[in-house]
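>>> sequence unavailable; structure follows:
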């Protein structure tokens, strides 16, 4: 059985992850998340965005009161 990626638009990735569209686009341009640009618009996977989000959370120091 082959595992196909579920490509979604930047808009959908932003809505489902809580990131702004511009943030998703920047992450794609910088190669920080997996993406595909067949023409004008970027596509990514929710898995790639959420993996980045989880790693970003882990690397951020906790705020002190």
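That came in fine, so what should we check first? Because the structure is predicted, anything quoted here is derived from the model rather than measured.
>>> I figured residue 45 hits residue 34, correct?
Yes. The criterion here is Cβ atoms under 8 Å, and residue 45 meets it with residue 34 at 6.4 Å. For glycine as for every other residue, the C-beta is placed from the backbone atoms N, C-alpha and C.
>>> which helices and strands sit right next to the helix or strand hosting residue 49?
Assessed by DSSP states H and E, residue 49 sits inside helix 46-59. When contacts are defined as 3 or more Cβ pairs under 8 Å, 6 or more residues apart in numbering; DSSP states H and E, helix 46-59 sits against helix 10-17, helix 21-29.
>>> may I see the buried residues of the longest one?
Buried positions in helix 21-29, judged by neighbour count with 16 or more other Cβ atoms under 10 Å: 24-25, 27-28.
>>> how about stretch 30-44?
33-35, 42-44.
>>> what is the neighbour count of residue 50?
For residue 50, the count of nearby residues is 14 (other Cβ atoms under 10 Å).
>>> leaving out chain neighbours, which residue sits closest to it?
Leaving aside its sequence neighbours, residue 50 sits nearest to residue 17 (Cβ to Cβ, 6 or more residues apart in numbering; 6.4 Å).
>>> can you give me the pLDDT of the one you found?
On the pLDDT scale, residue 17 is placed at 96.
>>> ditto for the one 3 residues further on
Reading off the confidence values, residue 20 has pLDDT 97.
>>> count of neighbours near the residue nearest to it when sequence neighbours are not counted?
The shortest distance from residue 20 to any non-neighbouring residue, by Cβ to Cβ, 6+ apart, is to residue 14 (6.1 Å). A count of nearby residues for residue 14, using other Cβ under 10 Å, gives 18.
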